[in-house]
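Q: I'd like to go over a predicted model; first the sequence, then the structure.
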Amino acid sequence: MKHKEIIGKELNFTQHYREMWPFVKPYWIRALLAILICIPVGALDSVIALALKPYMDNVLVDKSATSPAYIPVLIVAFTTVQGFLNYAATYLNTWVGTKINHDLKRALFKKLMSFDSSFYDQNASGYIIQRFTTDADTACTGLLDNLKLFVSRFFSSLSLIAVLIYNSWQLAIIAVVVLLCALMPLSQVRRRIKGIIKNTIEESSTILTHYNECYAGSKTIASYNLQEKMYLKFHDILRALFKLTMKMVKKTGWMTPLMHVVVSVGVGGVIGYGSYLIVNGQITSGNFVSFITALIMLYTPIKGIGKNFNNVQVSFLAIERIVEILESTPAIKDTPAAKELTEIKKGISFENVDFSYSPESKVLKNISLNIKAGTTIALVGNSGGGKTTIVNLLPRFYDVERGRICIDGVNIRDYSLKSLRNNIAVVFQDNFLFSGTIRENILLGNENASEEEIHKALQMAYLEDFVNAQENGLDTDIGERGSSLSGGQRQRLAIARAILKNAPIVILDEATSALDNKSEAVVQKAIENLMKDRTVFIIAHRLSTIQNADMIAVLNNGEIVETGAHEQLMSKTDGAYKALYNAQFKKAA
Ligand SMILES: Nc1ncnc2c1ncn2[C@@H]1O[C@H](COP(=O)(O)OP(=O)(O)OP(=O)(O)O)[C@@H](O)[C@H]1O
Ligand SMILES: [Mg+2]
């Protein structure tokens, strides 16, 4: 499945939190505490405003310095308490937030590992990084940091509104009505930013993919002098991102200034009406100063809520995308009653198999093959003919479109994926090595292998001399993707890894194509040893390497045109294999 389309379902506040609940649950007490602390942190804001009334009335108006002497002390005390609580809230929040963030990433990573090959075919690396890490960060920030700010600001606002009402309910009504009007544009945020965020994610993921490609393709870039071209592509992506950023500002940036204007109308109204109330003796000047202070203080959290609201919406959209990934099920997975594949007694059969990577073109057409256990089948034919595709179907990297593949008469879909893949060792056409040492890479075949087994595998793969020549031997670091090895060395390491796996089914896709004649002859021998009592699929363009196969299948543009042993196929007058063989023989001669 392709994760390009973000499902347009409208989720609300409570639903988002419910979906995130499994991730919050293990830490809910601390999370709750972190949020509860924000209540006094917010509410203490109003103390200063509240204290201004007795101060103003008693000190500035009555000029009696006696009663409110405690006020300066109180202000310092409250601020200290508030500071301490603030620290506690930040600490708790970071603790809970990071825990949840990591759990979320773990869950996403597990999901990522469960996806099948077509998922990786369809989604670029940058898109995956964006969706699996950046989204998790965005979601968590929104969930906790913003919630914390939101709560403290909300309670700060509430307490300040209480101060307003305490000082003058008439003025308070004006202020609250105006503030509510000021908050109105917020209801538009989500609708306005959703599309922009989706595009921004796609563009920023393109940047990541671009970096990846520039890294992996650095030599190609150098040899074709593509630096300028790569730079221009980068430049274009940034320009698109710039446009999106400005679009976001255009859609949301006017909200805050508008809120300011609306609030200024409120402040103006309050001053006008307040003066009238003072003159008429309905409120004291202390009330008025305290009121105005509270009103101005109220402005900060209200403004903050606006900004926060944007962020909360952004993270809610990230949560939506995460939930979408977590809820998706990989196309290739175990059936409920999956059997364990333990050994191969009879053999493997392909029965009328059709396959295509995309609906437009069929890659395999009506493939039928019967491979007896313990025998070797060679696949030969034109490049792009579908040889690799056939062997990709056996470990279920992809599932067949029509027909079925059976091992000992049981559809491979009915075996557990793990046991199926445990029984197949693959040497790929383009082998992937991991960063780390030679030993670590070989042990991927069987992590419990003894030192002796490792050495035997090295010997069989004709790799021993090379390893011995290294200062650190088996513990030599081979760099990212094995970049410090030669093509042939990488291939032999992959063979050693497969030998160590010791699986009953072996797939060798151009396994010796990068070797020189001498090492190929040695590795060939090792492979022949490896092939004993195993069911082997061998793919090779060099026909000399497959002559001894029990059966050769010639594949031409997705169809099997001939099957038989070497002699049998050579004895045909107009055979496809004979033509291939003669062409190669003549070329070699
Ligand atoms: N992941 C993929 N997504 C889409 N199309 C693919 C994919 N892999 C291969 N193809 C297409 O499927 C066809 C068969 O490819 P396949 O790799 O099986 O050929 P092959 O016989 O192994 O060729 P070669 O001898 O060059 O290795 C080709 O036309 C190729 O373009
Ligand atoms: Mg191939």
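A: Happy to help now that I have it. Ligands and ions are numbered 1, 2, ... in the order given.

Q: what residues does the stretch 351-500 of the chain put near ligand 1?
A: Counting by C-beta under 6 Å from any ligand atom, the stretch 351-500 of the chain comes close to ligand 1 at 357, 363, 383-389, 429. (Glycine included, C-beta is placed from N, CA and C.)

Q: Number of residues surrounding Leu36?
A: 13 (other C-beta atoms under 10 Å).

Q: about what we covered before: relative to ligand 2, which of the residues of the stretch 351-500 of the chain next to ligand 1 is nearest.
A: Proximity of those to ligand 2 (C-beta to the ion) peaks at Thr388, which lies at 3.1 Å.

Q: where does the closest one fall, phi/psi-wise?
A: When read as degrees, to the nearest 10, the backbone of Thr388 gives phi -60, psi -40.

Q: just to revisit the earlier point, out of the residues of the stretch 351-500 of the chain next to ligand 1, which are close to ligand 2?
A: Contacts with ligand 2 are made by 388, 429 out of those, judged by C-beta under 5 Å from the ion.

Q: Just the buried subset of the residues of the stretch 351-500 of the chain next to ligand 1, please.
A: Neighbour counting with 16 or more other C-beta atoms under 10 Å marks 357, 363, 385-389 as buried within those.

Q: excluding its backbone neighbours, what's nearest the closest residue to ligand 1 within the stretch 101-250 of the chain?
A: In the stretch 101-250 of the chain, the residue that lies nearest ligand 1 is Asp121 (4.5 Å; C-beta to the nearest ligand atom). Spatial nearest neighbour of Asp121, chain neighbours left out: Tyr357 (7.0 Å); criterion: C-beta to C-beta, 6 or more residues apart in numbering.

Q: So which of the residues of the stretch 351-500 of the chain next to ligand 1 sit within helices?
A: Cross-referencing these against helices under DSSP state H gives 387-389.

Q: Let's have the residues you listed in CSV, adding pLDDT.
A: Below are those laid out as CSV (pLDDT from 0 to 100):
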residue, pLDDT
Lys387, 94
Thr388, 94
Thr389, 95
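
Q: Relative to Asn472, which of these is nearest.
A: When those are ranked by distance to Asn472 (C-beta to C-beta), Thr388 comes first, at 34.4 Å.

Q: I'd assumed Val427 was in contact with that closest one.
A: No. With contact defined as C-beta atoms under 8 Å, Thr388 does not reach Val427; the gap is 11.8 Å.

Q: so what's in contact with the two at the same time?
A: Asp509 (C-beta atoms under 8 Å, 6 or more residues apart in numbering).

Q: Contacts only, for the residue nearest in space to the middle of the chain.
A: Averaging the C-alpha coordinates of the chain gives a centre point, and the residue nearest to it by C-alpha atoms, centre = their mean is Phe132 (2.0 Å). Going by C-beta under 8 Å, 6+ apart, Phe132 touches 105, 108-109, 112, 325.

Q: where's it relative to Ser125, distance?
A: Taking C-beta to C-beta, to the nearest Å as the measure, Phe132 falls 11 Å from Ser125.

Q: One more: Tyr224?
A: Distance of Tyr224 to Ser125, given as C-beta to C-beta: 21 Å.

Q: Which one's more surrounded, those two?
A: A side-by-side neighbour count of Tyr224 and Ser125, using other C-beta under 10 Å, places Ser125 first with 16 against 10.

Q: The more buried one and Ile207 touch, don't they?
A: No. Ser125 is beyond contact range of Ile207, at 11.3 Å (criterion: C-beta under 8 Å).

Q: What parts of the chain come near ligand 1?
A: Residues of the chain lying near ligand 1 (C-beta under 6 Å from any ligand atom): 121, 357, 363, 383-389, 429.

Q: What's the first helix or strand after the helix or strand that contains Arg239?
A: Applying DSSP states H and E as the criterion places Arg239 in helix 227-252. Downstream of helix 227-252, the first helix or strand assigned by DSSP H and E is helix 255-279.

Q: How about Cys140, nearest residue that isn't a chain neighbour?
A: Asn101 (4.1 Å).

Q: if I read this right, that neighbour contacts Ala136, doesn't it?
A: Yes. Asn101 is within contact range of Ala136, at 6.0 Å (criterion: C-beta under 8 Å).

Q: Who has more neighbours out of those two?
A: Using other C-beta under 10 Å, the more surrounded residue of Asn101 and Ala136 is Ala136, with 25 against 19.

Q: thinking again about what came up before, which other helices and strands contact the one helix or strand the residue nearest to Cys140 maps to?
A: Using DSSP H and E, Asn101 maps to helix 70-114. Contacts defined by 3 or more C-beta pairs under 8 Å, 6 or more residues apart in numbering; DSSP states H and E place helix 70-114 against helix 13-24, helix 28-43, helix 45-54, helix 135-140, helix 147-167, helix 285-327.

Q: wait, which of the ones you listed is closest to ligand 2?
A: Among these, helix 285-327 comes nearest to ligand 2, with 31.0 Å by C-beta to the ion.

Q: Near ligand 2, which residues of the chain are found?
A: Those residues of the chain that sit near ligand 2, judged by C-beta under 5 Å from the ion, are 388, 429.

Q: which residues of the stretch 401-550 of the chain fall in strands?
A: 402-407, 410-411, 424-427, 505-509, 535-539 (DSSP state E, counting those that start in this stretch).

Q: Would you mind putting those strands into TSV with mean pLDDT, mean neighbour count and distance to Glu19 alongside?
A: Shown next, in TSV, are those (pLDDT from 0 to 100; neighbours: other C-beta atoms under 10 Å; distance: least, C-beta to C-beta, whole Å):
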stretch	mean pLDDT	mean neighbour count	distance to Glu19
strand 402-407	95	18	38
strand 410-411	94	13	36
strand 424-427	92	24	38
strand 505-509	93	24	41
strand 535-539	94	24	45
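
Q: Tell me, how many residues neighbour Ser205?
A: Neighbour tally, Ser205, other C-beta under 10 Å: 21.

Q: isn't it right up against Ile129?
A: Yes. The pair Ser205 and Ile129 passes the contact test of C-beta under 8 Å, sitting 7.1 Å apart.

Q: how long is stretch 140-149 end to end?
A: End-to-end distance for stretch 140-149, by C-alpha to C-alpha, to the nearest Å: 14 Å.

Q: Tell me the buried residues in stretch 282-299?
A: Applying 16+ other C-beta under 10 Å to stretch 282-299 flags 283-284, 286-295, 297-299 as buried.

Q: Actually, stretch 207-219.
A: 207-210, 213-214.

Q: Tell me which of these fall in helices.
A: Using DSSP H, the buried residues of stretch 207-219 in helices are 207-210, 213-214.

Q: Please work out which residue of the stretch 151-300 of the chain is closest to ligand 2.
A: Proximity to ligand 2, evaluated over the stretch 151-300 of the chain using C-beta to the ion, is greatest for Ala216 at 20.0 Å.

Q: now that residue, nearest residue through space, not along the chain?
A: Spatial nearest neighbour of Ala216, excluding adjacent residues (C-beta to C-beta, 6+ apart): Arg481 at 7.9 Å.

Q: Touching, that neighbour and Asn431? I think so.
A: No. Judged on C-beta under 8 Å, Arg481 makes no contact with Asn431 at a distance of 9.6 Å.

Q: So which of those two has more stuff around it?
A: Ranked by neighbour count (other C-beta under 10 Å), Arg481 and Asn431 place Asn431 first, with 22 against 14.

Q: backbone phi and psi for that one, please?
A: Torsion angles, degrees, to the nearest 10, at Asn431: phi -70, psi 150.

Q: Thr141: which of the residues of the chain next to ligand 1 is nearest?
A: The shortest approach to Thr141 among the residues of the chain next to ligand 1 belongs to Asp121, at 31.8 Å (C-beta to C-beta).

Q: pull the CA atoms of whatever helix or strand that closest one lives in into PDB?
A: Per DSSP H and E: Asp121 is located in helix 117-122. C-alpha atoms of helix 117-122 as PDB (Å, rounded to 0.1, in the frame of the first residue of the first chain):
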ATOM      1  CA  SER A 117       8.900  -5.300  -0.500                       C
ATOM      2  CA  SER A 118       6.200  -3.400  -2.500                       C
ATOM      3  CA  PHE A 119       5.900  -0.900   0.300                       C
ATOM      4  CA  TYR A 120       9.600  -0.100   0.000                       C
ATOM      5  CA  ASP A 121       9.300  -0.100  -3.800                       C
ATOM      6  CA  GLN A 122       6.600   2.600  -3.600                       C
END
